[in-house]
Structures are given as C-alpha cells and as structure tokens.
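[1] Sequence plus the predicted model coming up.
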Amino acid sequence: MTGGCVVRDAEEADLPQILAIHNHHIAYGFALWRYETETLADRAAWLHDRRKNGYPVIVAADGDEVLGYGGYGAFRFGAGYGRTVENSIYVREDRRRRGVARALMSDLIARAQSEGRHVMVAGIGLPNDASVALHAALGFVDCGLLRQIGWKFDRWLDLRLMQKML
C-alpha cells in the first residue's frame, strides 16, 4: 500500500469508476484531447484490447473505491518499437496530489522493467506541471516540446515528450 491505496490489476467491476474518471478528464482536462465522452461498452472494449495485446491496466484503490487508473501500450506501431511503451495515468479529481499517480507510475515502471521493456515514453498534454514534475522525479528526462499540435477548449495545446530508459 502506498499513497493511501493499493495498486492492482483492473477488474471488470472497476470499469464504471474508470469510465467516470476517464470522462471527467475528457470533459475538463488537458490530458485527453477528445471531445466526446465514452460509454461503458467503449471502456470494456478498451480493457479487452489492452489485455489481448499483453498490456497492463491497473487501478489504485482504497477498498472498492477506484482513485485512479493507468496502463501502458504501444508507443508506435511496428516491430521495431516493440520494447518501447507509452504510459497513461488518470487520477480522480478529489485524490490528486496525494501520491496516487506516483503509486500507479511506480507500479507501471516495475512491470515494464520485469517484461524487458527498454524505454517508457510519456506524452504530456500541457498545461500539466504536476505530471511533468512527477515524471521528472521518477527519472524521466525531457525529450522535447511539440507546439500547438492539439486543439481543445478553444485553444492550441502543446505536448511535452519525456522518456525513461528502463
């Protein structure tokens, strides 16, 4: 237990809470550059796809309460990228800055290392100073800034790229 939570593999029963966190980030945040919220069926298909492709989906939980979720998947497609993964972490609004994201990221890094992954990449939609700081604290280094490549909330958005050699 770390950050006041237990990190474990996501279960089907977690999907309604994962969906609520996901849709909150779509509606109000800069991490997901989407406009339309998803359905429970969308999230179930996503979980099935991740599992089928051998990628983890984890949750940080306090009892039955999901405080955040995350995972990693393909960075880019093609066999040459097979040992590189890109992480994603989403924390419930009322549990931010309490160690939940750090607990999720630490677990993902350990899983990727145990699988023999070589690099973990983070694409961080800006503004998100907390995520940039967390990744840096966990050993990620800055790889560059892609300016104005996204559009949301009537403004252009930048994407910070960071990586960690595993």
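    That came through fine.

[2] Only C-alpha atoms from now on, for both contacts and neighbour counts.
    Will do.

[3] What ranges does this protein have for its strands?
    With DSSP state E, the ranges of strands along the chain come out as 6-9, 57-62, 65-74, 84-91, 119-125, 141-152, 155-165.

[4] So for A27, which of these sits nearest?
    strand 141-152 (10.0 Å; Cα to Cα).

[5] what sits up against that closest one?
    Residues from elsewhere that reach strand 141-152 (Cα atoms under 8 Å, 6 or more residues apart in numbering): 30, 33-35, 135-136, 156-164.

[6] Which two of the residues you listed have the greatest separation?
    Using Cα to Cα, the pair of the contacts of strand 141-152 lying farthest apart is Y35 and K164, separated by 29.8 Å.

[7] Turn the strands of the chain into CSV, columns for mean pLDDT and distance to I26.
    Formatted as CSV, the strands of the chain follow (pLDDT from 0 to 100; distance: least, Cα to Cα, whole Å):
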stretch, mean pLDDT, distance to I26
strand 6-9, 97, 23
strand 57-62, 97, 18
strand 65-74, 97, 14
strand 84-91, 97, 11
strand 119-125, 97, 12
strand 141-152, 97, 10
strand 155-165, 97, 14
